[in-house]
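Participant: need a 3D model of the sequence below.
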Amino acid sequence: MARRGGRFAYLRKLPAIAVSISIMLAFGFRLLPAWHAVFTPRGVSFEEPDAWFHMRIVHNLMAHFPRRSGFDPYGRYPGGESVTAGPFWDDLVGSIAWIAGAGSPSDSLVDEVGAWLPAILGALLPVPVFLLARRLFGVGAGMLSALWVAIIPGTFLWVGHLGMPDHHAAEVFLSFLSLTILCAAAETQGPRRWITAALSGVALAAYLETQVTGIFVPAILALAAVFSPALASLSATALGTACLLLLPAAGVGPWSGYRWLSLIGGLAVAAPLAVLYRMDRKRNWSRGVLYASATLVAVAAIGCVDLLQAARVRSMIMVIQSFRPGQPGTQLAAQVRELQPIWDAAPGGFASLYGQFGPAWVFAVPGLAALVWMVWRGRRPAIMLFAVWTFTMIYGVISHLRMAAYTGLVVAMLAGVTTEWILRRIPNRVIWLRTVAAAILIFAAAALALPLGFAQTRAGQGPDPDWWAALNWMRWQTPEPLGDSLAWYRWFPPLRPGAGFVYPPSAYGIIAVWDKGWWISGMARRIPAANGGLNGAAETSRFLTETRPGDALQNMRRSGARYAAIGPGSITFELPATVAMAGRQIERYSRVFFMQGPGGEHIRLRVYLPDFYRSMAARLYLFDGRRIDTKTRGVQVFLTTPVLANSGAYEETIQSVRNFASEKEAEQWMVQHPYETASLASADPTASCVDLEEIPWLKRVFISRNERLVGYTQPVAVKIFERTP
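Facilitator: Predicted coordinates for the structure are as follows:
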């Protein structure tokens with residue numbers, strides 16, 4: 001008997017052991033690969049541009065704790081930037097740093113807290129996953145779900161790993177916490193039921209104060225109440241609690257209004273459904289009558305909200321539609337990888353699914369089928385709520401890659417359901433075999449997922465040594481834009497509606513590719529002409545791709561830019577996105593031709609066209625704005641013809657290449673042979689095929705390293721140019 005008791009004691013401890021292992025595994029997964037990329041000899045290097053934005057806000061917060069600035073003149077020049085991001089994450093990082101620093105934390109301590117906190121939140125996710133999966137599907141599924149969530153790679157891992165103090169780790173944690181608590185409320189009786197639902201509202205309010213654009217979460221609670229009216233009173237309690245807690249919040253920007261619209265709209269749906277459900281309990285309506293009535297009530301409630309807030313509803317719908325792929329006006333958003341559909345995002349197709357979720361997605365597919373079956377056969381409100389949440393997140397990740405941060409939790413739970421079903425096929429009398437089989441399965445899954453996640457997070461995406469040197473030079477060798485270095489720490493109140501910030505005459509902007517903007521603001525403590533929020537991205541992209549120096553000069557003067565920082569990406573991998581953001585066509589700058597190889601195969605050859613060399617990015621980065629005369633090297637004209645390839649597409653194939661002594665001779669020949677498909681181009685990006693005049697009004701004032709630019713190697717140096725008066 002003692003032996004059996006000991007055995008049962010071991011089984012009782014198994015869930016705690018599994019969750020503890022999951023936490024340690026998740027923490028190591030988020031910590032070890034990125035350690036050297038984050039904690040560098042130069043200082044803490046954060047992993048994304050938006051992370052630098054938040055840390056800039058936190059550093060400013062520390063100077064005036066607990067008051068956070070509502071406006072940041074360092075956000076962009078001209079105009080500045082209203083701080084519209086939800087304050088909860090910044091306040092959380094700042095509060096921990098303030099406590100750790102005994103009320104006066106150093107800048108380095110603040111950076112370290114910002115680096116560690118996302119990894120800690122990510123490592124704690126197995127806890128709510130276990131609690132929710134155990135409640136919905138059993139202890140075995142809970143343990144396995146916790147283990148699965150610890151090894152999900154992709155965006156889910158990225159947003160919650162070391163050095164990522166963007167708000168995404170908190171938004172994922174808080175939204176799922178709200179779901180977990182509300183599901184618990186759905187299966188609790190008595191006063192605790194309402195207390196638990198109110199706690200879900202507390203988590204929801206914290207979430208909406210972290211991610212102001214998370215209006216889909218209140219919509220999920222309302223929609224779940226339509227499908228299961230038994231949830232209506234709980235959803236209304238959670239939404240009402242969130243409304244009460246958010247009343248003192250001073251929202252800025254249109255998304256604050258959309259947030260209130262989603263909360264009030266959710267309440268307008270859930271509250272009458274709660275009354276309807278109470279009537280059903282008294283009159284015992286049929287299931288068909290109940291759901292038909294619930295649908296009519298929801299439609300009527302939404303119609304009333306639309307009638308009362310028609311303009312805001314239309315505005316919100318237009319904003320949401322603007323992020324749909326292929327919609328007009330989405331050119332800028334289409335250049336951001338996280339806004340691309342998962343199926344289209346590199347590497348594409350099933351490879352993208354594997355890259356985002358590892359092998360877990362394979363197990364999640366039958367788990368999804370099991371969830372549908374449970375919804376169809378059962379009447380558990382908590383299962384219905386989780387199902388609505390699941391399908392919303394799946395739709396979300398199909399539309400936008402960034403939603404993989406939410407969907408990873410769902411995939412882990414569904415994979416846990418499938419894994420538990422497989423292990424249950426092993427008879428109870430050999431319970432030890434289940435443990436061994438589970439260990440083998442998780443070990444095999446980890447062996448596939450962990451190397452993938454290590455590769456995704458090992459290479460840091462913060463500033464490389466050359467950009468770090470350039471930003472450091474900006475900070476110490478350029479004039480203070482607001483006249484005083486302490487202005488970076490100054491508290492700035494929100495701007496009144498219609499008001500603008502008055503900059504001193506000393507203010508100026510720095511042109512760089514938009515995703516470097518938060519680096520310039522947070523590290524160099526200077527003002528970018530474009531930032532990571534894409535504000536100013538079109539203008540700076542037009543400057544970098546402008547082929548007429550006079551127009552480029554007017555661009556700089558109009559924007560108040562004094563410096564231009566040009567990195568190697570401006571003429572290589574960033575070029576297509578920069579050209580698209582400028583509203584231009586990449587075919588004007590660069591094209592791909594094909595040539596016949598020795599074995600008859602087609603070989604790709606990228607050639608660079610005249611507008612590439614005339615662009616300001618190439619003029620500055622390749623030639624430092626000097627005059628270029630093609631007579632020194634000569635030029636080439638490529639004669640091509642379309643050839644039908646095995647793929648069924650026509651490929652522009654090189655038939656011959658003619659050499660000329662100069663651009664002028666090549667142009668004359670092309671005019672004399674109008675029926676030839678001829679392109680003046682260069683296969684060497686560092687050798688111009690056109691003459692270029694000198695740009696006297698820009699002089700190079702910094703270069704991170706002297707390197708010889710060779711066409712077949714990727715350059716690394718960063719250059720800074722100053723506009724002369």
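Participant: CA atoms for contacts and neighbours, from now on please.
Facilitator: Fine.
Participant: what ranges do the helices span in the stretch 501-650 of the chain?
Facilitator: Across the stretch 501-650 of the chain, reading from the start of the chain, the helices by DSSP state H, counting those that start in this stretch fall at 517-519, 537-545, 549-559, 575-581, 610-614, 616-623.
Participant: residue contacts, Met164?
Facilitator: Taking C-alpha atoms under 8 Å, 6 or more residues apart in numbering as the definition of contact, the neighbours of Met164 are 46-48, 51, 114-115, 118-119, 158.
Participant: which of the residues you listed fall within helices?
Facilitator: Counting by DSSP state H, the members of the contacts of Met164 that fall within helices are 51, 114-115, 118-119, 158.
Participant: spatially, which two of those residues are the most separated?
Facilitator: Comparing all pairs in the ones in helices among the contacts of Met164 by C-alpha to C-alpha, the longest separation belongs to Gly114 and Trp158, at 14.8 Å.
Participant: between the two, which one's more packed in?
Facilitator: Remark: of Gly114 and Trp158, Gly114 carries more neighbours, 29 against 25, as counted by other C-alpha atoms under 10 Å.
Participant: show me what counts as buried in stretch 342-362.
Facilitator: 342-343, 345, 352-362 (16 or more other C-alpha atoms under 10 Å).
Participant: go on, stretch 271-282?
Facilitator: By neighbour count with 16+ other C-alpha under 10 Å, stretch 271-282 contains the buried residues 271-274, 276-277, 280.
Participant: out of those, flag the one nearest to Glu694.
Facilitator: For those, the closest approach to Glu694 (C-alpha to C-alpha) belongs to Ala271, at 69.9 Å.
Participant: the closest one and Trp260, how far apart?
Facilitator: Taking C-alpha to C-alpha, to the nearest Å as the measure, Ala271 and Trp260 are separated by 16 Å.
Participant: next: Ile566.
Facilitator: Per C-alpha to C-alpha, Ile566 is found 42 Å from Trp260.
Participant: okay, the two: which has more neighbours?
Facilitator: Shown here are Ile566 and Trp260; by other C-alpha under 10 Å, Ile566 has more neighbours (25 against 19).
Participant: quick one: that one and Ile703, what's the gap?
Facilitator: 10 Å.
Participant: name the residues contacting each of the two.
Facilitator: By C-alpha under 8 Å, 6+ apart, the residues touching both Ile566 and Ile703 are 718-720.
Participant: which stretches of the stretch 451-600 of the chain form strands?
Facilitator: Assigned by DSSP state E, counting those that start in this stretch, the strands in the stretch 451-600 of the chain fall at 509-511, 561-566, 590-596.
Participant: how about the ones you listed in CSV, adding mean pLDDT and distance to Pro191?
Facilitator: Formatted as CSV, the entries for these read as follows, by pLDDT from 0 to 100; distance: least, C-alpha to C-alpha, whole Å:
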stretch, mean pLDDT, distance to Pro191
strand 509-511, 96, 58
strand 561-566, 96, 61
strand 590-596, 89, 68
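Participant: what's the closest of these to Ala232?
Facilitator: With C-alpha to C-alpha as the yardstick, what comes closest out of the strands of the stretch 451-600 of the chain is strand 509-511 (51.9 Å).
Participant: next, the buried residues of that closest one.
Facilitator: Burial within strand 509-511, assessed by neighbour count using 16+ other C-alpha under 10 Å, is assigned to 509-511.
Participant: so what touches it?
Facilitator: With C-alpha under 8 Å, 6+ apart as the test, strand 509-511 has contacts from 76-78, 526-530, 540, 559-565.
Participant: now for these: which two are most distant?
Facilitator: Considering C-alpha to C-alpha, no two members of the contacts of strand 509-511 lie farther apart than Pro78 and Ala565, which are separated by 17.2 Å.
Participant: quick check: Trp389 touching Ile220?
Facilitator: Yes: between Trp389 and Ile220 a contact is recorded at 6.4 Å, counting by C-alpha atoms under 8 Å.
Participant: hmm, back to that, mean neighbour count, the helices of the stretch 501-650 of the chain: which tops it?
Facilitator: Mean neighbours per residue, mean count of other C-alpha atoms under 10 Å, is largest over the helices of the stretch 501-650 of the chain for helix 517-519, with a mean of 31.
Participant: give me the next element, helix or strand, following the helix or strand where Leu244 lies.
Facilitator: With the criterion set as DSSP states H and E, the secondary-structure element containing Leu244 is helix 232-246. Tracing the chain C-terminally past helix 232-246 and defining elements by DSSP H and E, one meets helix 254-283 next.
Participant: still on that earlier bit, right, so of the strands of the stretch 451-600 of the chain, which gets closest to Leu14?
Facilitator: When these are ranked by proximity to Leu14 (C-alpha to C-alpha), strand 561-566 comes first, at 56.2 Å.
Participant: could you list the low-pLDDT ranges of the stretch 501-650 of the chain?
Facilitator: Within the stretch 501-650 of the chain, the ranges that satisfy pLDDT under 70 run 599-600, 646-648.
Participant: and which of the shared contacts of Ile566 and Ile703 is nearest Ile96?
Facilitator: Here the nearest of the shared contacts of Ile566 and Ile703 to Ile96, counting by C-alpha to C-alpha, is Val718; it sits at 35.8 Å.
Participant: that closest one and Ala469: what is the separation?
Facilitator: Applying C-alpha to C-alpha to Val718 and Ala469 gives a distance of 8 Å.
Participant: also Arg68?
Facilitator: As it turns out, when the distance is counted by C-alpha to C-alpha, Arg68 lies 30 Å from Ala469.
Participant: looking at the two, which is more packed in?
Facilitator: It is Arg68, of Arg68 and Ala469, that has more neighbours when counted by other C-alpha under 10 Å, with 23 against 20.
Participant: now for the closest residue to that one other than its chain neighbours, how many residues are close by?
Facilitator: Once its chain neighbours are removed from consideration, Arg68 has its nearest residue in Leu61; the separation is 5.0 Å (C-alpha to C-alpha, 6 or more residues apart in numbering). Here the neighbour count serves as a burial measure; for Leu61 (other C-alpha under 10 Å) it reads 23.
Participant: then the one 5 residues further on?
Facilitator: When counting by other C-alpha under 10 Å, one arrives at 12 neighbours for Pro66.
Participant: one more: Leu246?
Facilitator: The burial count for Leu246: 18, using other C-alpha under 10 Å.
Participant: wait, it sits on Tyr207?
Facilitator: No: with contact defined as C-alpha under 8 Å, Leu246 and Tyr207 do not form a contacting pair (10.8 Å).
Participant: need the per-residue pLDDT for Pro153.
Facilitator: At Pro153, the pLDDT value in this model is 94.
Participant: ignore what I typed, I meant Val289.
Facilitator: Reading off the confidence values, Val289 has pLDDT 68.
Participant: try Phe88
Facilitator: Predicted confidence (pLDDT) for Phe88: 93.
Participant: that one: which element?
Facilitator: Using DSSP H and E, the element containing Phe88 is helix 87-100.
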